[in-house]
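*Asks:* turn this into a model:
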Amino acid sequence: MITTENRNIVRALFGQGKRKKEIARIMGIDPKSVRSILAGETDEACLRKDTKAVDPNLLREVLQNTNGYIQRAHEILTEEHKSDIAYSTLTRLVRKDGLLVNKDHSRHYSVEDIPGEEMQQDTSTYHIKLGDRSYRLIASGLYLRYCKMRYIKFYPYFNRFLMKCFFHEALTFLGYAAGRCVIDNTNLAVLHGTGKEAVFHPEMIQFAKPYGFEWFAHEKGHANRKAGKERNFWTVSTNFLAGRTFRDMADLNSQAFDWATDRYARRPQARTRLIPVALFENEKPYLIKVPLALPSPCRILERRTDQHGYIAVNANYYWIPGKARPNTKIIEYEKKIKIYPESETPIEYDLPDWTVHNAKYSPKGIDTNPYGEPRNLKKSCEEEEQKLRNLGQATAEYLDFVKSPESNIRYKPRFIRSLYALTKKLAPPLWSIVIERALKYRLTSMGSLVKVSTLALTNSGTASADWPCDDLFGKDYENRPAYREGCFSQENPLGPYEGPLDEKENK
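*Replies:* Residues are numbered from 1 along each chain as shown. A predicted model of the protein is given here:
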């Protein structure tokens with residue numbers, strides 16, 4: 001309602017030559033109201049005459065019976081108590097009188113910034129191009145709420161162990177920690193429950209004690225409780241990642257470290273014009289000093305050594321000296337592992353880049369068995385694939401189909417090796433028939449290919465010896481290097497199998 005005094009001010013401003021929109025902006029009212037006042041309409045305040053009233057005691061009782069659900073309370077009032085109150089009016093009365101029962105509908109609220117009281121941590125997913133490939137990476141960020149200092153690092157994946165490594169790295173660099181760390185209800189730290197009812201994992205509680213802080217989970221759906229961290233991720237997208245290129249993960253984290261701890265930390269904030277680095281120096285007396293030389297987080301792994309002396313850690317294989325092959329204890333850090341074999345000197349390996357898989361590592365200066373391969377080493381099929389592509393255009397097209405998602409072949413390298421083994425058993429004309437039919441009918445089973453080859457050989461009317469095979473072996477095969485290399489082995493004639501000797505004597 002616009003008072004009589006404000007109406008007189010509007011008329012006075014218009015008399016001074018002010019425009020109507022300018023008057024509306026000065027007075028903070030709608031331009032339509034300005035036009036109606038200058039048009040000479042009545043100055044009497046318009047009062048609503050159809051205001052609906054509900055007995056507060058009745059409304060409180062209905063809300064109590066419905067567990068605070070307003071929609072159900074509106075149905076009871078209109079159907080059982082014959083009230084013609086509108087739903088919007090009912091919600092307004094509930095908010096005005098504070099009649100919500102055991103319900104906290106406030107999605108955010110103002111929390112005072114107190115020096116040394118709070119820090120926030122969260123993760124966010126980004127699609128970032130490293131070199132020539134794009135990867136889905138996870139950014140973990142730590143944010144000191146009062147001074148606005150931040151620390152950020154990217155990971156290919158994120159688990160409880162890496163979460164502890166991140167906190168150790170960030171707090172060791174800053175040298176100080178706040179008394180409370182606000183997180184969402186992530187299962188990396190929360191054992192069960194949400195918000196105030198969250199019960200944190202004993203492992204994470206024990207981890208936080210040396211640093212002097214406690215965990216705090218905000219209510220479910222109240223992400224604005226850590227709005228500073230959420231805003232930080234937006235700044236990462238619009239300021240850090242925009243216009244920058246990265247060679248690899250190490251280059252990405254190096255640039256992120258410089259941006260967060262130097263460039264952005266020395267930049268005045270938009271609203272307050274405060275510099276986080278300068279404010280951090282003032283906040284240090286209120287923060288908790290992180291003890292020096294805290295041990296790096298680690299976890300203990302149990303692995304069984306295979307027959308060639310290798311153990312598998314993070315999809316790579318590490319060799320252990322010695323003749324015994326017992327269970328081995330491994331201590332894994334973020335960037336290295338320490339292996340403690342029984343009755344042997346501990347061995348330390350630096351972990352390779354996260355993109356390296358299926359690689360073998362051995363201690364420097366020690367010769368391992370050159371013929372021994374790890375038990376689960378994934379064998380490449382590049383050589384077999386290249387030889388198959390040299391057999392013709394139809395085979396190359398079929399290989400493209402096999403490697404495409406359309407084929408739904410789960411183990412593609414194994415299928416390609418089996419395909420190459422099949423070519424060694426078939427003559428070239430027969431292989432041409434098989435591969436053309438496989439390409440036409442989109443066959444993805446090795447059993448189906450073998451059946452096609454059998455039917456093609458049976459329906460051709462010629463024996464397998466009649467297929468021209470000169471291009472495979474030739475008449476001069478005895479002069480080939482592969483044949484000459486094996487001629488030094490003794491060839492024993494294979495006679496008919498007569499069974500074991502003990503069975504023959506028993507008979």
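*Asks:* what about the strands in the stretch 151-300 of the chain?
*Replies:* If DSSP state E, counting those that start in this stretch is used as the criterion, the strands of the stretch 151-300 of the chain fall at 176-177, 180-183, 190-192, 199-200, 214-217, 288-289, 299-304.
*Asks:* among these, which is the most enclosed?
*Replies:* Of all the strands of the stretch 151-300 of the chain, strand 176-177 has the most neighbours on average by mean count of other Cβ atoms under 10 Å, namely a mean of 22. Yep, even glycine has a C-beta here, placed from its N, CA and C like the rest.
*Asks:* follow-up on the earlier one: tabulate the strands of the stretch 151-300 of the chain (JSON lines), appending distance to Leu142 and mean pLDDT.
*Replies:* Listed next are the strands of the stretch 151-300 of the chain as JSON lines, based on distance: least, Cβ to Cβ, whole Å; pLDDT from 0 to 100:
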{"stretch": "strand 176-177", "distance to Leu142": "9", "mean pLDDT": "94"}
{"stretch": "strand 180-183", "distance to Leu142": "8", "mean pLDDT": "92"}
{"stretch": "strand 190-192", "distance to Leu142": "18", "mean pLDDT": "92"}
{"stretch": "strand 199-200", "distance to Leu142": "17", "mean pLDDT": "93"}
{"stretch": "strand 214-217", "distance to Leu142": "13", "mean pLDDT": "92"}
{"stretch": "strand 288-289", "distance to Leu142": "14", "mean pLDDT": "94"}
{"stretch": "strand 299-304", "distance to Leu142": "21", "mean pLDDT": "87"}
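*Asks:* could you export those as JSON lines, including distance to Ile337?
*Replies:* Below are the strands of the stretch 151-300 of the chain laid out as JSON lines (distance: least, Cβ to Cβ, whole Å):
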{"stretch": "strand 176-177", "distance to Ile337": "28"}
{"stretch": "strand 180-183", "distance to Ile337": "28"}
{"stretch": "strand 190-192", "distance to Ile337": "28"}
{"stretch": "strand 199-200", "distance to Ile337": "28"}
{"stretch": "strand 214-217", "distance to Ile337": "28"}
{"stretch": "strand 288-289", "distance to Ile337": "31"}
{"stretch": "strand 299-304", "distance to Ile337": "8"}
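*Asks:* out of the ones you listed, nearest to Thr261?
*Replies:* Nearest to Thr261 among the strands of the stretch 151-300 of the chain is strand 176-177 (13.6 Å), distances taken as Cβ to Cβ.
*Asks:* so what does that closest one touch, helix or strand wise?
*Replies:* Packing partners of strand 176-177 (3 or more Cβ pairs under 8 Å, 6 or more residues apart in numbering; DSSP states H and E): strand 288-289.
*Asks:* report the secondary structure state of Val8.
*Replies:* Check again: residue 8 is Asn, not Val. Here Asn8 takes the helix state, with states given by DSSP: H, G, I helix; E, B strand; the rest coil.
*Asks:* neighbours around it, how many?
*Replies:* Taking other Cβ atoms under 10 Å as the neighbour definition, Asn8 ends up with a count of 12.
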